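Asker: Sequence and computational prediction follow.
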Amino acid sequence: MNFEQVYNAYFKRIYSYIRARVSDEAQADDIACEVWQKVFEKQSSFDEGKENIEQWLFTIARNQVNSHFRLY
């Protein structure tokens, strides 16, 4: 899958996960942007043969949410 396909297939689920963990909509939007930026930057390091794309995406999302809470 290329980035656009991954984004279109998983955006709603990733955003819903973030929104469930972060009560402020603007902050959730910012975190979602950070998540997709990281996915774009790290897409070449993803190995389909070794990793599950959904699990990889949610790991990035979880890490960004956790980073957000460490700052506040």
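Answerer: On my side now, so go ahead.
Asker: low-scoring stretches of this structure, by residue?
Answerer: For the chain, the stretches with pLDDT under 70 are 72.
Asker: Go again with 90.
Answerer: Scanning the chain with the threshold set as pLDDT under 90 gives 1, 47-51, 69-72.
Asker: Glu54 against Val6, yeah?
Answerer: No: using C-beta atoms under 8 Å, Glu54 makes no contact with Val6, being 9.7 Å away. Glycine gets a C-beta too; all of them are placed from N, C-alpha and C.
Asker: Comparing the two, which residue is more hemmed in?
Answerer: Val6 (20 against 13; other C-beta atoms under 10 Å).
Asker: Quickly find the element holding that one.
Answerer: For Val6, the host element (DSSP states H and E) is helix 3-21.
Asker: again with Asp30
Answerer: Asp30 belongs to helix 25-42, assigned by DSSP H and E.
Asker: Return the distance of that helix from the chain's centre.
Answerer: 6 Å (C-alpha atoms, centre = their mean, to the nearest Å).
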